[in-house]
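>>> need the 3D shape of this:
(2 chains)
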There are 2 protein chains.
Amino acid sequence: MPLPLAGLTVLEFSQYLAGPYAGLRLADLGAQVIKIERPQGGDACRKLATKDLWVGDDSLLFHTINRNKKSFCADLKQPADLEHVKQLIAKADVLTHNFRPGVMEKIGLDYASVQQLNPALIYGQVSGYTDTGPWAKKPGQDLLAQSLSGVTWLTGSANDGPVPMGLAIADMLCGTHLAQGILAALVRRKRPGPKQGCGALVEASLLESMVDFQFEGFTTFLNNGRQAPERSTLANAHPLLGAPYGVYKTQDDHVAIAMGSLHTLATAIDCPAIDVSDDHAFTQRESLKQQLQHHLLKNTTAHWLARMRAHNIWCSEVLGYTQLLNHPAFKALDITLTTQRSPGQPIHTTRCPLRINGSNLKSIRPAPLLGQDTDAIREAML
Amino acid sequence: MPLPLAGLTVLEFSQYLAGPYAGLRLADLGAQVIKIERPQGGDACRKLATKDLWVGDDSLLFHTINRNKKSFCADLKQPADLEHVKQLIAKADVLTHNFRPGVMEKIGLDYASVQQLNPALIYGQVSGYTDTGPWAKKPGQDLLAQSLSGVTWLTGSANDGPVPMGLAIADMLCGTHLAQGILAALVRRKRPGPKQGCGALVEASLLESMVDFQFEGFTTFLNNGRQAPERSTLANAHPLLGAPYGVYKTQDDHVAIAMGSLHTLATAIDCPAIDVSDDHAFTQRESLKQQLQHHLLKNTTAHWLARMRAHNIWCSEVLGYTQLLNHPAFKALDITLTTQRSPGQPIHTTRCPLRINGSNLKSIRPAPLLGQDTDAIREAML
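Numbering: from 1, shown residues only, chains lettered A, B, ... in the order given. From the prediction side, this is the model:
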C-alpha cells in the first residue's frame, strides 16, 4: 500500500525545528523531502547540539528532526546554483522556508516570484510573529515566543514566577499547523473545480500557534471581564479547572487525579474533608487541594490508585522516562525505530505518531549527509 | 477565493477536545463539519464548564471548540436514526470519533463496516493509548496521558515534583495529528493512481502524540545511556539545554534569555562571573544560572533588554494575558474574532492560526444548538 503522500516532492529551505518538523511529518507520510542546504554547513541545526551529543559530524538533534529526508547543496548567491534550484521548484509540489522577512524576496524566491515558475506550488512560510507588526523582526525563537504568549503563567503554582514549558512547544505546534495548511492546500489543488491545479501561500507563526494553543484560556479571558488565569498554590494542572484536578504527592511517589465528583473521591479515599458539592470545586479550590494533599501523603500511590479505580475515578501514576520505556504499555505502542547512517552507529528515535490503515509509519532512512543527494537529484529532476 | 476544503463534509462523532479540535481546524479550512449528537445532551462538552462560564445552555468551552460547525441529532440505538446516519456516512468525506474501543463495532459503524457504505471515506479515530496493550481501556484523559508520558518531569525546577503543563496539551497535539493524517489521506484519495478514490483508517492517540512531542528528549534518552533528563534548580526552560537558556527574575519583573554565547552575554550585561567558554554551558549550568540570576536582580527588565539587544542576544520580556492583549503586536495579529448565537450574546474567541494566500481564516459562524441543523441536513443530504 503506497503511503498517502507518495509521489509528492517537498523542498525544505527551513532550518532548526518548526519547518523541518513539518517536513519530517510529510516525509513519514510518504513525500520525498529534499533539504536545500548551503554548502557551508547546511541547516544550522547540524551544529546545534543538546547535551553535546553528536553522531558523525551532525548533532543528534539534527538526526532526530531530519531522518527520512534527502539533502541537495546549493549556494543561492551563485547564479548557476540558483538556476538549478529554480528548476527544482518548477517540478516540486511544496516548498517551505523560515527565513526572516525579506530574505526570499532578495534571492527572488518569494511567493510572487516562484508562482511564475510553478503556479501549482504550495509555498509554506514560517515566521516568529508574522511579517507585520512591531515584532516582525524579533528573533523567532521558541522560548521567546512562549514568554511573549502568556503561556508561562499557566503552568507551575501561584507562588512561582512564569514557568516555561520544558520543550520547544511553539516550534512543534507551528510545524504541525504548517503541515496541516500545506496538506489542505494540496487537497484543494487536486480537487476538480475552479481551483484545480492551483497553488497557495500558507503561513504559520510561532506566536499565532501559541495563541491558538491557549484558545480555551484566551476565550475565557475575553468573555470573563479579562481576569487573568489563576494557578492554584498547590497541584496546579490547569488554571481554569477546580479541585481535585492535579498531581499530588503520596507517601512514596505521586498520583494524578483528573476532573470528577468530589463526593465520589471523598468516599473512595475516605477523606470526608473534601466531601463538598462540586459547585465549590473552583471557589474552594485552595483549601480542597490542601486537604486532599494532606490526606494523600498518608499512604502509597498503589494504595490510592486501587481505591480510586474501584470507584471509576480518573486517576493514574506519574511516570518518568525510565519507568515509561520499561512499561509493557510503551512496548505495545511499537513507537521506537532505529536508523543507521554509518555502520556501527545506530540511532534510536521515535516514529510518526499516526497509524494509517492499521500500519505504523516507520521509515528507517537516516538523516542525510550535507549534499549527499545533490548529484542523484540533478540527474533525476533537472 | 474558496477555502481549501470547501465542498468536503466531515461527520464528527467525537466529543470533548481532541477530535473536535481537529474538526474545528477542518471547518476553518472550509469543510462542512456536522456534529452527530445524541438527543440527550449531545456532546458531553456542552456541560463541561471551566470556571462555571456558560453561554445559553452550553459551556463557553463548548462554544470555543465547536464554532463553525453544524449539529445533527441521532440516537444511534434507534434503527431509523441509525439508518439516516448511515446515509450521511455514504455521502460524507470524513468521519471522526473518540469512542472507547468496541463501541463503534457494537453500533456497526466501525471502519470495516462503513467501508461497505462508502469505500472512499476517511475514518479518523482518536484514543487515549491505542486500542491494544495494557492501557487500552484506561480513561483517555489529558492529565492522565501527560502523567504517563514522562512530560511532567521536563517542566519546573529540579526541586519540584512532576509539573504538568497547565493546559490540555495531549488533546490538542492529538487533534492536530488527527487532522494531519486525515488531510494526507484526502490528498491520496484525490490523486490519480491506484489509490484514487480510496478511503483510509487514520488513528491518533494521546499517548503517541505525547511521545512524538518529546522526540528530542526520547532520542537523547535512548542514545545517551538512558539518563533521564535533568531540570536545573533555577530558570529551567529545557532540560537538554545549558546556561543561560531560561527565564530569570529582574528587579521589577522577569526576562527570558535563549541560547547564545556566554561571553557575549557577560559583556552585554557586564557580568564577568559567567564569562566562560560555551563548552561549560551544560556542565556548569547550575552555578552559571545562579550567578546570572544574582546579577539580573540588580536592575530592571527594560535595562537588561536594552543592553542585551544592543549585542543581538536573543531575549524578551515575559508577558501575561493582559499585557499581551493590550500590546500593538497582538493587535497586529488580528487573531480575535466574535461569534454570536443569540442577540446580545457575543462570544469573543480566537481564529485558526493559519493564513492562506495572505488571508486570515475568520469564520464567525457560532457553535450550533443541539440538533439545530437536523432538518436542513436531512433535506439536503438524505
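>>> and the helix ranked longest in chain A, what does it pack onto?
Counting by DSSP state H, the longest helix found in chain A is helix A:169-190. On a contact count with 3 or more CB pairs under 8 Å, 6 or more residues apart in numbering or on different chains; DSSP states H and E, helix A:169-190 meets helix A:18-28, strand A:94-97, strand A:122-127, helix A:142-149, strand A:200-205, helix A:206-213, helix B:169-190, strand B:355-356. Every residue, glycine included, has its C-beta placed from N, CA and C.
>>> among these, which is nearest residue B:321?
Minimum separation from residue B:321 across the helices and strands packed on helix A:169-190 (CB to CB) falls at helix A:142-149, 9.5 Å.
>>> okay, angle between the closest one and helix A:206-213 too, please.
Counting by axes from the mean of the first three to the mean of the last three CA atoms, to 10 degrees, helix A:142-149 points 60 degrees away from the direction of helix A:206-213.
>>> so which elements touch helix A:142-149?
Helices and strands touching helix A:142-149, by 3+ CB pairs under 8 Å, 6+ apart, are helix A:169-190, helix A:206-213, strand B:246-249, strand B:254-257, strand B:315-316.
>>> given the third one, what are its sheet partners and their directions?
Under the criterion DSSP bridges, strand B:246-249 sits next to strand B:254-257 (antiparallel) in its sheet.
>>> name the residues of the helix or strand that the strand it pairs with is followed by that are buried.
Sequence-wise, the next helix or strand downstream of strand B:254-257 (DSSP states H and E) is helix B:262-269. With burial defined by 16 or more other CB atoms under 10 Å in any protein chain shown, the residues of helix B:262-269 counted as buried are B:262, B:265, B:266, B:268, B:269.
>>> for stretch A:97-112, same thing?
Of the residues in stretch A:97-112, A:97, A:98, A:99, A:101, A:104, A:107, A:109, A:110, A:111 count as buried by neighbour count, 16+ other CB under 10 Å.
>>> and the stretch 251-382 of chain A, which residues reach chain B?
Residues of the stretch 251-382 of chain A lying close to chain B by CB under 8 Å from any CB of the partner chain are A:254, A:256-259, A:282, A:314-322, A:324-325, A:328-329, A:331-333, A:335-336, A:347-350, A:352-358.
>>> from these, keep the buried residues only.
Buried by 16+ other CB under 10 Å: A:254, A:256-259, A:282, A:314-319, A:321, A:324-325, A:329, A:333, A:335-336, A:347, A:349-350, A:352-356, out of those.
>>> lowest-pLDDT helix or strand in chain A?
In chain A, the helix or strand scored least confidently by mean pLDDT, DSSP states H and E is strand A:54-55, which has a mean of 92.
>>> roughly how far is the next helix or strand after that strand from the heart of the chain?
As assigned by DSSP H and E, the chain's next helix or strand after strand A:54-55 is strand A:58-59. Centre-to-centre, strand A:58-59 and its host chain are 20 Å apart (CA atoms, centre = their mean, to the nearest Å).
>>> out of the helices and strands packed on helix A:142-149, which comes closest to residue B:135?
helix A:169-190 (23.5 Å).
>>> relative to helix B:18-28, how tilted is the closest one?
Relative orientation of helix A:169-190 versus helix B:18-28 (the same axes, to 10 degrees): 50 degrees.
>>> what angle separates helix A:169-190 from strand A:122-127?
Using the same axes, to 10 degrees, the inter-axis angle of helix A:169-190 relative to strand A:122-127 is 160 degrees.
>>> for chain A, which spans come out with low pLDDT?
Filtered on pLDDT under 70, chain A yields the residue ranges A:1, A:195.
>>> break it down into its structural domains.
Listed by automatic domain parsing, the domain ranges of chain A are A:9-213+A:335-381, A:246-324.
>>> the residue lying farthest from the centre of chain A and residue B:341, how far apart?
Computed with CA atoms, centre = their mean, the maximum C-alpha offset from the centroid of chain A is found at residue A:272, amounting to 42.0 Å. Plainly put, residue A:272 is 42 Å away from residue B:341 if you go by CB to CB, to the nearest Å.
>>> so which of the domains of chain A is the most packed in?
Mean neighbours per residue, mean count of other CB atoms under 10 Å in any protein chain shown, is largest over the domains of chain A for domain A:9-213+A:335-381, with a mean of 21.
>>> gap between that one and the chain center?
The chain centre lies 12 Å from the centre of domain A:9-213+A:335-381; the measure is CA atoms, centre = their mean.
>>> so what strands line up beside the least confident helix or strand of chain A?
strand A:58-59 (antiparallel).
>>> and after the strand it pairs with, which helix or strand comes next?
Per DSSP H and E, the helix or strand that comes after strand A:58-59 is helix A:60-66.
>>> can you show me the CA trace of that next one as CSV?
The C-alpha trace of helix A:60-66 is given here as CSV (Å, rounded to 0.1, in the frame of the first residue of the first chain):
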residue,chain,number,x,y,z
LEU,A,60,21.9,14.1,17.4
LEU,A,61,19.2,16.7,17.4
PHE,A,62,19.7,17.2,13.6
HIS,A,63,19.4,13.4,13.1
THR,A,64,16.2,13.3,15.2
ILE,A,65,14.4,16.0,13.1
ASN,A,66,15.8,15.2,9.7
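>>> helices and strands around it, which ones?
Using 3+ CB pairs under 8 Å, 6+ apart: helix A:60-66 touches helix A:18-28, strand A:346-350, helix B:215-223.
>>> select, out of these, the one closest to residue B:20.
Checked against CB to CB, the stretch from those lying closest is helix A:18-28, at 21.6 Å.
>>> that closest one relative to helix B:215-223, how many degrees between them?
For helix A:18-28 against helix B:215-223, the angle between stretch directions is 70 degrees (the same axes, to 10 degrees).
>>> contacts for helix A:18-28, please.
Identification of contacts with helix A:18-28 by CB atoms under 8 Å, 6 or more residues apart in numbering or on different chains yields A:5, A:8, A:10, A:12-14, A:33, A:35, A:43, A:45, A:65-69, A:94, A:96-98, A:124, A:126, A:140, A:170-172, A:174-176, A:178-179, A:182-183, A:204, A:206, A:351-352, A:354, A:361, A:363, B:180.
>>> repeat for stretch A:261-272
By CB under 8 Å, 6+ apart, stretch A:261-272 touches A:243-244, A:257, A:273-278, A:280-281, A:288, A:291-292, A:295-296, A:304, A:307-308, A:310-311, A:313.
>>> before we move on, what about stretch A:278-290?
Contacts to stretch A:278-290, defined as CB under 8 Å, 6+ apart, come from residues A:232-235, A:241-244, A:246, A:261-263, A:274, A:276, B:51-52.
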